[in-house]
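**Q** need a 3D model of the sequence below.
(3 chains)
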Amino acid sequence: MVLQGYGYLLVFTLVCILVPSLALGLSWLLRPKAVGPGNFTTYESGCEPIGGAWIQFNIRYYMFALAFVIFDVETVFLYPWAVAFNQLGLFAFIEALIFIAILVLGLVYAWRKGALEWS
Amino acid sequence: MQVSLDAFLVIGAALFCIGIYGLVTSRNAVRVLMSIELMLNAVNLNFLAFSNYLDSATIKGQVFSVFVITVAAAEAAVGLAIVLSIYRSRDTVDMEEFNLLRW
Amino acid sequence: MKLSQGVELVSLLVLTAMVVAAAMGVVLSPSIVYAAFLLGLVFLGIAGMYLLLNADFVAAAQVLIYVGAVNVLILFAIMLVNRRKVYREVKLGAVRQLVAIAVCVSLFALLLYTNLNTVWLLTPEVTALPSGIVTLGQHFFNEYLLPFELASVLLLVALIGAIILARREFVPDRGEENLELVERPKELVAVKEE
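**A** Here you go, the predicted model:
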């Protein structure tokens, strides 16, 4: 009793797993194994990184992620409404507008507080 | 052999117990929040299993699981903000150091 | 056994192994960053299980919200608070661990026992289900209208609360490009020990 059409998803997932593991595994088998100090740098043939990777990041990254989470959830609520729009009618349209309006308040607040600005 | 309701309930129970273990024993506050997410996912799995096997016509379990996901997202946002705030004032995320309200 | 049932069973077994192993990793891994990535794996595996349970919309929501947003939020929070630091030893640490393991294992045993001793009122098999999205939309705008609207209020409150909590203390723009996290002055919030 599985939904129709998801066999393709399964095949797709299997291919997605297979291709990179084949690529990495084959190159691991075929390549010569040379060990040197260059193997342990972060970018083996790129720039030398400045400073450690365990630095503290700017709090603004968190702000953007936060706003993203909230509006992502909003999307999930609006999607069934959009799909069932023809069966639902005007009342649901007004309700969805109220839903969006309440969240726009949050957007305005975040904007006013500078949570959406970089500097 | 067909996949039955019991299988999903057992997986949910296992996830929930792993989540409780992490919740109780973790020292890192962020990991505590991650354990809570595990437990909420276990609950969601139960909702959807019941929805599919006991109520497949009116899928009310799916409605509940969407609400649970919403609450979990809000909880993660506020919980992590609280962790950040505590980290700024106490300079650690160790649960054992959070004794401001300890009697 | 039909082919589809076999595929279903094998997928469930693979997903179960993946989810349980990754969940153990989340709880036990010494590195919190690995734990966060394993948490993403757990979320993906559970989304696969949702597909096996005919909940395609919830599976998509799971990937969108948990993997795409919550996990990223957790990673950013880890980047903000991560400082490698040895935790102070606590009294009776090993005993605490053992008690926690005992409690969890016995809870699991209890749940297993209850599950195996309950007769569920299974509905007869419905073949060729339509996708549940339209049904979900109708539920949202009929009997679950109030929770639907309250969800937006909850999200609003969460957004405002989290911004207030996480925002750095308001510093007037001094026009300098300051990449450090601006710390609140310690004296104001330092709480007396003891």
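**Q** which residues touch the residue lying closest to residue B:35 once chain neighbours are set aside?
**A** Closest residue in space to residue B:35, ignoring its immediate chain neighbours: residue B:22 at 3.3 Å, by C-beta to C-beta, 6 or more residues apart in numbering or on different chains. The C-beta positions use only the backbone N, C-alpha and C, and glycine is treated the same way. The contact partners of residue B:22, taken as C-beta atoms under 8 Å, 6 or more residues apart in numbering or on different chains, are B:31, B:32, B:34, B:35, B:38, C:26, C:27.
**Q** out of those residues, who's nearest chain A?
**A** Nearest to chain A out of those is residue B:34 (C-beta to the nearest C-beta; 15.0 Å).
**Q** mind listing what's buried in the helix or strand harbouring that closest one?
**A** Residue B:34 belongs to helix B:29-54 when assigned by DSSP states H and E. With burial defined by 16 or more other C-beta atoms under 10 Å in any protein chain shown, the residues of helix B:29-54 counted as buried are B:29-53.
**Q** how about chain A: which residue is closest to chain C?
**A** Nearest to chain C in chain A, going by C-beta to the nearest C-beta, is residue A:84, at a distance of 3.0 Å.
**Q** that residue reaches residue C:134, doesn't it?
**A** Yes. At 4.5 Å, residue A:84 counts as touching residue C:134 under the criterion of C-beta atoms under 8 Å.
**Q** which one of the two has more residues nearby?
**A** With neighbours defined as other C-beta atoms under 10 Å in any protein chain shown, residue A:84 and residue C:134 compare such that residue A:84 has more, 20 against 17.
**Q** neighbours around residue 58, how many?
**A** Defaulting to chain A. 18.
**Q** hmm, no, I was thinking of chain C.
**A** Residues within reach of residue C:58, counting by other C-beta under 10 Å, total 30.
**Q** now swap in the one 4 residues further on and tell me
**A** If you count neighbours by other C-beta under 10 Å, residue C:62 ends up with 28.
**Q** what sits against it?
**A** B:44, B:69, C:43, C:46, C:47, C:50.
**Q** which members of these additionally contact chain A?
**A** Counting by C-beta under 8 Å from any C-beta of the partner chain, the subset of the contacts of residue C:62 that neighbours chain A consists of residue B:69.
**Q** what would the contacts of residue C:62 look like in CSV with pLDDT, secondary structure and distance to residue B:6?
**A** Shown next, in CSV, are the contacts of residue C:62 (pLDDT from 0 to 100; DSSP: H, G, I helix; E, B strand; the rest coil; distance: C-beta to C-beta, whole Å):
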residue, pLDDT, secondary structure, distance to residue B:6
B:44, 95, helix, 18
B:69, 94, helix, 24
C:43, 95, helix, 23
C:46, 95, helix, 17
C:47, 94, helix, 21
C:50, 93, helix, 17
